[in-house]
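Chemist: no FASTA, just this:
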DNA sequence: TCGGTAGTTCCGAAATCCCGAACTATGGGA
DNA sequence: TCCCATAGTTCGGGATTTCGGAACTACCGA
């Protein structure tokens, strides 16, 4: 399989990031990847909270996050490893990601 | 005309704010209202940048911003005054709005 | 080579967005 | 009071986006 497309962080417009994280399930997926540093396999997070996500939907969520410059995906054998690009995003848009993730965390409580 | 519906800021979920501001035109409208403190009339910002926005679209953009708790709209005579609720949003989701507006400002440069 | 697991693509249904046209609301004359 | 002009909302339909099941591809181990 060809290497997946990842935009340079300078090419990512702010609206792409906001759009990607304006879906609570995508935001939850991103939070798990960021917290874990690296999540192996989509299937390991095939459910968010108590909600099951069909794998075709999951695949498109990963694509949105990837194209928004939020994660980097590499195939390792049969499974995928997803890394958060939060350091790059932080460098380009300081404070953005932490504010968004804090906002979601605030609602949860 | 009945007073418009404005949600309590505690009832606004973070995804509503992110969704509202994930459209660059809405973000630009919100930026102008926030900067000006109070913008009179939708028609005074019927164009964003060099882009003309039809008034039906403008009306729905205002509705989205209003229902996301970002602005407060009051009719004064025949025209509308729009106030930013950024202080309330800041109290609930600290740093969120400034990070988002900075992100858009960073792209513009 | 075969079988199983991991993800992607395809495609039709559902939801959402967009904007012109018609409508409603308000205030200012005459 | 009636009529007009201005400001904004609602309606309707076409275009775009999202969703998810089914079929497909990629990779590994046996």
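Modeler: Received the coordinates, thanks. Here the structure is a predicted model, which means the values were calculated and not measured.

Chemist: What does residue A:78 show for phi and psi?
Modeler: With angles defined as degrees, to the nearest 10, residue A:78 sits at phi -90, psi -10.

Chemist: Tell me how many other residues crowd residue A:72.
Modeler: 17 (other C-beta atoms under 10 Å in any protein chain shown). (C-beta placed from N, C-alpha, C; glycine too.)

Chemist: Over to residue A:54?
Modeler: Neighbours around residue A:54, by other C-beta under 10 Å: 9.

Chemist: quick one, phi/psi of it?
Modeler: Taking degrees, to the nearest 10 as the convention, residue A:54 sits at phi -60, psi 150.

Chemist: what's the spacing between it and residue A:70?
Modeler: Note on residue A:54: its distance to residue A:70, by C-beta to C-beta, to the nearest Å, is 21 Å.

Chemist: next SSE after the lowest-mean-pLDDT helix or strand in chain A?
Modeler: The weakest-scoring helix or strand in chain A, judged by mean pLDDT, DSSP states H and E, is strand A:47-48 (a mean of 75). Downstream of strand A:47-48, the next assigned helix or strand under DSSP states H and E is strand A:51-52.

Chemist: Check the spatially most central residue of chain A and give its pLDDT.
Modeler: Ranked by distance to the mean C-alpha position of chain A (C-alpha atoms, centre = their mean), the top residue is residue A:30 at 3.5 Å. Among the per-residue scores, residue A:30 shows a pLDDT of 96.

Chemist: which residues make contact with the helix or strand encompassing it from outside it?
Modeler: Per DSSP H and E, residue A:30 falls inside helix A:24-36. With contacts defined as C-beta atoms under 8 Å, 6 or more residues apart in numbering or on different chains, helix A:24-36 is touched by A:20-21, A:39, A:45, A:48-49, A:51, A:53, A:61-62, A:64-65, A:70-71, A:82-84, A:86, A:97, A:100-101, A:104, B:13, B:15.

Chemist: and these, which of them are in strands?
Modeler: Judged by DSSP state E, the subset of the contacts of helix A:24-36 located in strands is A:39, A:48, A:51, A:71, A:82, A:83, A:84.

Chemist: burial measure for residue A:90, as a count.
Modeler: 14.

Chemist: so what pLDDT did it get?
Modeler: Here the pLDDT value assigned to residue A:90 is 98.

Chemist: which one is it nearest to, not counting chain neighbours?
Modeler: Sequence neighbours aside, residue A:97 is the residue nearest to residue A:90 in space, at 6.1 Å (criterion: C-beta to C-beta, 6 or more residues apart in numbering or on different chains).

Chemist: Tell me which helix or strand residue A:57 sits in.
Modeler: Using DSSP H and E, residue A:57 falls in helix A:55-67.

Chemist: What of residue A:75?
Modeler: Taking DSSP H and E as the definition, one finds residue A:75 inside strand A:71-76.

Chemist: From the contact counts, what lies against that strand?
Modeler: The contact analysis (3 or more C-beta pairs under 8 Å, 6 or more residues apart in numbering or on different chains; DSSP states H and E) places strand A:71-76 against helix A:55-67, strand A:79-84.
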